[in-house]
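1. heads up, no residue letters with this:
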C-alpha cells in the first residue's frame, strides 16, 4: 500500500450566530480532518450571505494549495439558507451522488426530515467542495461515512484524490 497523500483542506462555517467558541460543526470537522492525517489550511466563519460565501470560497479555490473546501451550514430551506445558491454557480462539475448518498444515510437517522437537506458537492478549479448541513451530527456522518473515504488516496476501487491535477505524476 502506498503512503497516504495528505490533502490541504479549508473549512467554512456559514452562520449568522456562530462564533469560534460556539462553532461545534466546524470544530468537529477540523478534528476529524486532522485525525485523518490531512492539513487544515484555513478555518473561517461567515454570515449566511451568498456574496460573502462566494468571496471566501473563490479565494480558496483560486489558491492552488487548497485541495478541498468543506462548508457547514446554510443548506436548509428556511431563513437565509443560501449555501447551495452561493456555491453552485462556482462549480465546474457537480457530484450528484454525494447529496444522494448523504440524504440516504441521513434517512436512517432522521427519516423524512432529510428532504430539508440541500447538501451538495462538486469541483471548482480542480478543488473539491462539500457543502454540509450545520448540525454536528450531519457533519460527523458526512465525514465518517462518505468524505473520508473519497479523500483517502488508498481507497479502492477509486477515490477523488487520484483526480487532483497537482498530485498527478
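-> Happy to help now that I have it. Not measured: the values here are computed from a predicted model. Residues are numbered from 1 along each chain as shown.

2. Could you use CA atoms for every contact and neighbour count after this?
-> Noted.

3. Which pLDDT value belongs to residue 169?
-> In the prediction, the pLDDT value recorded for residue 169 is 57.

4. show me where pLDDT drops low in the chain?
-> Within the chain, the ranges that satisfy pLDDT under 70 run 169.

5. For it, which helix extends over the most residues?
-> Taking residue count as the measure and DSSP state H as the definition, the longest helix of the chain comes out as helix 96-110.

6. quick one: contacts of the helix or strand that that helix is followed by?
-> Proceeding C-terminally, helix 96-110 gives way to strand 120-124 as the next helix or strand, assigned by DSSP states H and E. Contact with strand 120-124 is made by 61, 84, 90-96, 98-99, 128-132, as judged by C-alpha atoms under 8 Å, 6 or more residues apart in numbering.

7. partners of strand 120-124, with directions?
-> Strand pairing for strand 120-124, determined by DSSP bridges: strand 93-94 (antiparallel), strand 127-132 (antiparallel).

8. export these to CSV and tack on mean neighbour count and distance to residue 109?
-> As requested, these are arranged in CSV below (neighbours: other C-alpha atoms under 10 Å; distance: least, C-alpha to C-alpha, whole Å):
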stretch, mean neighbour count, distance to residue 109
strand 93-94, 16, 25
strand 127-132, 26, 16
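
9. nearest to residue 34, of these?
-> Residue 34 lies closest to strand 127-132 among those, at 16.7 Å (C-alpha to C-alpha).

10. Tell me what angle that closest one forms with helix 96-110.
-> Taking axes from the mean of the first three to the mean of the last three C-alpha atoms, to 10 degrees, one finds that strand 127-132 is oriented at 20 degrees with respect to helix 96-110.

11. Pull the residues that contact strand 127-132.
-> In contact with strand 127-132 (C-alpha under 8 Å, 6+ apart) are residues 61, 66-73, 75, 83-84, 119-123, 138-139, 142, 164.

12. following that strand, which helix or strand shows up next?
-> Of the helices and strands lying after strand 127-132 in sequence (DSSP H and E), the nearest is helix 136-142.

13. Return the set of buried residues in that next one.
-> Within helix 136-142, the residues that qualify as buried are 136, 138-140, 142, counting by 16 or more other C-alpha atoms under 10 Å.

14. how about those in CSV, adding distance to residue 109?
-> Shown next, in CSV, are those (distance: C-alpha to C-alpha, whole Å):
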residue, distance to residue 109
136, 14
138, 10
139, 13
140, 13
142, 13
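
15. List just the nearest of the residues you listed to residue 104.
-> The shortest distance between residue 104 and any of the buried residues of helix 136-142, using C-alpha to C-alpha, involves residue 142 and amounts to 11.0 Å.
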